[in-house]
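Undergrad: sequence below, structure please.
(chains A and B)
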Amino acid sequence: MLRFILMRLGKAAIILVAILTLNFFLIHAAPGDPAAVMAGEAGAADAKFIAQLREQFGLDKPLLTQLAIYLKGVLQLDLGYSYRQQMPVADLIFSRLPATLLLTMTAFVISLLLGTVAGVLASARVGKWSDTAISTLALLFYATPLYWAALMAVLLFSVYFNWLPGFGYETVGANYTGLRRVLDIGQHLILPATTLGLFFMAVYMRMTRASMLEVSQLDFVKTARAKGLKPSIIQRRHIFRNAMLPVVTLAGLQAGQLVGGAVLTETVFAWPGIGRLMFEALAQRDYNLLLGVFFVSSAMVLLFNLITDILYRFVDPRIRVA
Amino acid sequence: MTDPVLSIRNLKVALPEGADRDFAVNDVSFDLYPGEILCIVGESGSGKSMSANAAMGLLPDLVRPVGGEIIFEGTDVLKLSEAQMMKLRGKKVAMIFQEPMSALNPLMRVEDQIAEVFEAHNLLTPRDRAKRAIELMTEVGIPDPEKAARAYPFQLSGGQRQRVMIAMALALEPSILIADEPTTALDVTTQAQILELIRNLQEERGMAVMFITHDFGVVAEIADRVAVMQYGKIVEAGTADDVLDNPQHEYTRKLIAAIPKLAAEAGAAAAGKTPILEVEGLNKTYVTGGSLLFSKPRIVHAVNNVNLTLAEGETLGIVGESGSGKSSVGRCLVRLMQPDSGTVRLAGHDMAQLSGAALREARKSIQMIFQDPYASLNPRSKVGRIIAEGPMAHGVSKTEAYGRAVKLLEMVDLDALAIDRYPHEFSGGQRQRIGIARALALEPRVIIADEAVSALDVSIQAQVLDLLADLKERLNLALIFITHDLRVAAQICDRIAVMQNGKVVETGPAHAIFNNPQSGYARTLIEAIPGREKELAAAG
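TA: Next up, the predicted model:
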């Protein structure tokens, strides 16, 4: 097992360097000279100043040397400096990370939990009205564009009913502390987390339902019945466990997007997370920050792929030994 | 005579609407006595499994019993509630199935799956259950039971998995064991061991066994009494000796006549004829797992220095158990797979290393027929296209290719109208005929048939074998017949090559191999053929 993890970590490191290099060259392939842009914004775009900026940031060095410097920096968790936000990129990202993780993790848990439970229920009542209802709802969630669902949720639950706050991370200026603050953040979390989770909830539901129905037709389920086992035990121990295998794969894919993914939701709900940071960086051509966000989110994808693979080895013995 | 432990009276089981007939089981009655093995024999769709499943209350969802009764210990099982049925299952009546790999939960350790039987009936403490599981595994002859108990099903061999299933079925000492084709998926030597195990356990415990099979060889090996089923009805029943030696019903006679006979005759030897295919030093290894940087790959030497010759008009059988490399040899010969080394000379030209246009040209002369008539025909293509595609790819005009397809269909005894129909409109045997027509379309000189009749019922199998023999004669074809079924090999082959672990361990004329095998492995294989002793005794 340890050998497997080390092996996979080694591979992940190689892939990560490849991604960093690719991002680096992509940014440099884009037209425009960062020094000229900076000089222009400083209001002193003469050749001497630009050359001075180039030297200051090492932009006069050959591209490969620049890449080496950049990679060395990343290795020390130095992701460069954002001139727009006047802060080191790493600090910016880490300050936004908790809010994003809170949002995406909640969405993840909600979608996985409700999705599989609904899928199991639907499969147990296949063909009945409750199955049709759950399946239709799932289709609806699956087909609804995220931003539209977000706007409708705000309109309905905060503007019309005024039950829940429609934007932000916590109530501005209230300065709550302790439990009161936790509850406040929780209230702010409900709408964005639920909307963000809708799509995957639908996917989990449909996959769980299909998978449960498929597994229940397999021979070992008949063996279990031939033993005289109760249907509830057969359902849980034999069908559900086997049916969860494809769901685990899918959950790994969703988990990989936890850090980079919530651009739309965070923007609509004014959630101070990495998604919005990226959106701002994009709009303001903040290359260093953009590179940094790309780096962190691709690292997370690799990390969660690894976690999924390890998890899979626990769930499915055939992979563990083979 | 003692009272029967199970009495089935006028059982009727209805099929869902739209099935090919109304009743899967139609007015079936039979008794099962303690301490006997009753074989229910029939071809696919005869209703033999449905009768057994009805007794367990395990019929598929849309299939239900509509008449008759199944009396067990004085009560009609069909009238029991699901809760009462659950108490019966596993405890009084136990069941084992055809495919032990899929019949075991892949995610659970073997001991837990056995222990579950006790749990289902609230017996013993968890610790005692685990202990009993190991005792049972010892009893059914699993080597190193402590270690095997901790294994997952995929880590055991096919025979061991079936032993686990048997251990599970015997756990609560049921009075009836229902075995639904329990040896069909196993190799012939393993099959012999499992049959012996079932026979021994049955005798020790005085159990009644309802044994469902399509194989009369297995019947001869194990049955006390036999019931023959056709289209949901029992057409003949009696003691095993009576039914096998003196079948009364026409269908039984037909089935028994269709079994390929082992007594291979010393036919006209193909000696002196020119070889059409010569294989020398053929090697193929499979490498699985492993990556460039990190882990060690697993290497399997599937074809290990194989030498074969095939004369014009000859049939060479390649026989062996699963994993012996026989199919890999076939695939290397038609170059569906690139051999690592060795020569394959077809009419004097080496085609092992050909590529591109030269390979395509050479391939015309050597064609293949596959095992599964369902998977080997493209479901989206009409039969005409399936047959004409090959010649058209080699430059024959469409009109001519389709014209020839019609002739080929007639040659394999199918209606010319088949050309405009899709594969799913045909039965398994008919599909295999289409596969043969496709192989013949390129006018090959050699045909490789890889388990070409294994998926077919015995009566259909006999027809297809006759067709192949006839075509071989008419078209002067050379045939390589790859099979695990030694009876089939005995019937159709002039010469036989026996393979084990990638090597050819013995080659010789069919009659010599069957009557006087030289290698130990060939002898083991031949002795394991079910029904062989009875057949030899009958032949005197």
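Undergrad: which SSE is residue 115 in?
TA: Answering for chain A, as no chain was given. Here A:Gly115, judged by DSSP states H and E, is contained in helix A:89-124.
Undergrad: hmm, no, I was thinking of chain B.
TA: Using DSSP H and E, the element containing B:Ala115 is helix B:110-120.
Undergrad: does at least one residue of that helix sit close to chain A?
TA: Yes. Helix B:110-120 lies within reach of chain A by Cβ under 8 Å from any Cβ of the partner chain, at B:116-117, B:119-120. Placement of C-beta: from N, CA and C, glycine included.
Undergrad: ok so, going back, average pLDDT for the helix holding A:Gly115?
TA: Averaging pLDDT along helix A:89-124 yields 92.
Undergrad: contacting residues around residue 207?
TA: You didn't pick a chain, so chain A it is. Residues in contact with A:Met207 (Cβ atoms under 8 Å, 6 or more residues apart in numbering or on different chains) are A:119, A:246-247, A:250.
Undergrad: the chain in question should be chain B.
TA: B:34-35, B:174-177, B:201.
Undergrad: one more pass at 10 Å, please.
TA: Listed by Cβ atoms under 10 Å, 6 or more residues apart in numbering or on different chains, the contact partners of B:Met207 are B:5, B:34-37, B:94, B:169-170, B:173-177, B:198, B:201.
Undergrad: if we can go back for a sec, just put the residues of helix B:110-120 next to chain A in CSV and tack on neighbour count and pLDDT.
TA: Formatted as CSV, the residues of helix B:110-120 next to chain A follow (neighbours: other Cβ atoms under 10 Å in any protein chain shown; pLDDT from 0 to 100):
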residue, neighbour count, pLDDT
B:Glu116, 26, 94
B:Val117, 29, 94
B:Glu119, 18, 94
B:Ala120, 24, 93
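Undergrad: could you dump the residues you listed to JSON lines with distance to A:Arg3?
TA: Formatted as JSON lines, these follow (distance: Cβ to Cβ, whole Å):
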{"residue": "B:Glu116", "distance to A:Arg3": "33"}
{"residue": "B:Val117", "distance to A:Arg3": "37"}
{"residue": "B:Glu119", "distance to A:Arg3": "36"}
{"residue": "B:Ala120", "distance to A:Arg3": "39"}
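Undergrad: out of these, what pair is the most spread apart?
TA: B:Val117 and B:Glu119 (7.3 Å; Cβ to Cβ).
Undergrad: could you tell me which residues touch both of the two?
TA: A:227-229, B:129.
Undergrad: hmm, back to that, looking at the contacts of A:Met207, which is nearest B:Gly348?
TA: A:Pro246 (53.0 Å).
Undergrad: tell me the average confidence for the host helix or strand of that closest one?
TA: Assigned by DSSP H and E, A:Pro246 belongs to helix A:241-256. Across helix A:241-256, the average pLDDT comes to 88.
Undergrad: show me what it is packed up against.
TA: Helix A:241-256 sits against helix A:89-124, helix A:178-216, helix A:287-315, with contacts defined as 3 or more Cβ pairs under 10 Å, 6 or more residues apart in numbering or on different chains; DSSP states H and E.
Undergrad: that one: what's the following helix or strand?
TA: For helix A:241-256, the succeeding helix or strand toward the C-terminus, using DSSP H and E, is helix A:263-268.
Undergrad: on contacts alone, who are the packing partners of that following helix?
TA: So helix A:263-268, by 3+ Cβ pairs under 10 Å, 6+ apart, packs with helix A:89-124, helix A:146-153, helix A:178-216, helix A:274-283.
Undergrad: just the buried positions in the second one, please.
TA: In other words, helix A:146-153. A:146, A:149-150, A:153 (16 or more other Cβ atoms under 10 Å in any protein chain shown).
Undergrad: what about A:Ala262, how many neighbours?
TA: For A:Ala262, the neighbour count with other Cβ atoms under 10 Å in any protein chain shown is 27.
Undergrad: ok, and the closest non-adjacent residue to it?
TA: A:Gly275 (4.1 Å; Cβ to Cβ, 6 or more residues apart in numbering or on different chains).
Undergrad: I figured that neighbour hits A:Leu146, correct?
TA: No. Distance between A:Gly275 and A:Leu146: 11.7 Å, which falls outside the contact criterion (Cβ atoms under 10 Å).
Undergrad: need the residues touching each of the two.
TA: Going by Cβ under 10 Å, 6+ apart, residues that sit against A:Gly275 and also against A:Leu146 are A:196, A:262-265.
Undergrad: among those, find the lowest-pLDDT one for me.
TA: A:Ala262 (80).
Undergrad: for A:Asn175, see how far away that residue is.
TA: 26 Å (Cβ to Cβ, to the nearest Å).
Undergrad: same question for stretch A:48-62, mean pLDDT?
TA: 78.
Undergrad: swap that for stretch A:19-34, sorry
TA: pLDDT averaged over stretch A:19-34 gives 79.
Undergrad: residues contacting it, please?
TA: Applying Cβ under 10 Å, 6+ apart, the contact partners of stretch A:19-34 are A:39-40, A:50, A:53-54, A:57, A:59, A:63, A:66-67, A:70-71, A:74, A:83, A:285, A:287-288, A:290-292, A:294-295, A:298-299, A:301-302.
Undergrad: now the worst-scoring helix or strand of chain B on mean pLDDT: buried residues?
TA: The least trusted helix or strand in chain B, going by mean pLDDT, DSSP states H and E, turns out to be helix B:532-539, with a mean of 78. The neighbour-count check on helix B:532-539 (16+ other Cβ under 10 Å) flags B:532, B:534-535 as buried.
Undergrad: which of these sits closest to B:Glu473?
TA: Closest to B:Glu473, out of all of these and judged by Cβ to Cβ, is B:Glu535, at 26.6 Å.
Undergrad: look up how far chain A lies from that closest one.
TA: Distance of B:Glu535 to chain A, computed by Cβ to the nearest Cβ, to the nearest Å: 33 Å.
Undergrad: and for B:Tyr521?
TA: Taken as Cβ to the nearest Cβ, the span from B:Tyr521 to chain A is 29 Å.
Undergrad: same question for B:Thr190.
TA: 19 Å.
Undergrad: and that residue, backbone torsions?
TA: Backbone torsions of B:Thr190, given as degrees, to the nearest 10, read phi -70, psi -40.
Undergrad: who are the neighbours in contact with the closest residue to it other than its chain neighbours?
TA: In space, and not counting its chain neighbours, B:Thr190 is closest to B:Gly159: 3.8 Å by Cβ to Cβ, 6+ apart. Shown in contact with B:Gly159 (Cβ under 10 Å, 6+ apart): B:100, B:141-142, B:183, B:186-187, B:189-191, B:193-194, B:197.
Undergrad: ok, now B:Ala171?
TA: Counting by Cβ under 10 Å, 6+ apart, B:Ala171 has contacts A:227, B:90-91, B:94, B:114-118, B:120-121, B:123, B:129, B:132-133, B:135-136.
Undergrad: go again using 7 Å as the cut-off
TA: B:114, B:117-118, B:136 (Cβ atoms under 7 Å, 6 or more residues apart in numbering or on different chains).
Undergrad: same deal with B:Val209?
TA: Applying Cβ under 7 Å, 6+ apart, the residues near B:Val209 are B:37, B:177, B:179, B:198, B:202.
Undergrad: please report how far the residue lying closest to the first one once chain neighbours are set aside lies from B:Phe481.
TA: So that's B:Ile37. Using Cβ to Cβ, 6+ apart and skipping residues adjacent in sequence, the residue nearest B:Ile37 is B:Val209, 4.4 Å away. Using Cβ to Cβ, we find B:Val209 at a distance of 35 Å from B:Phe481.
Undergrad: over to B:Gly320?
TA: B:Gly320 is 12 Å from B:Phe481, by Cβ to Cβ.
Undergrad: same deal with B:Ala302?
TA: Taking Cβ to Cβ, one finds B:Ala302 at 19 Å from B:Phe481.
Undergrad: before we move on, back to that, which members of the contacts of B:Met207 occur in strands, if any?
TA: B:37, B:94, B:176-177 (DSSP state E).
Undergrad: of those, closest to A:Leu179?
TA: B:Ala94 (58.4 Å).
Undergrad: pLDDT at that closest one, what is it?
TA: Value for B:Ala94, per-residue pLDDT: 94.
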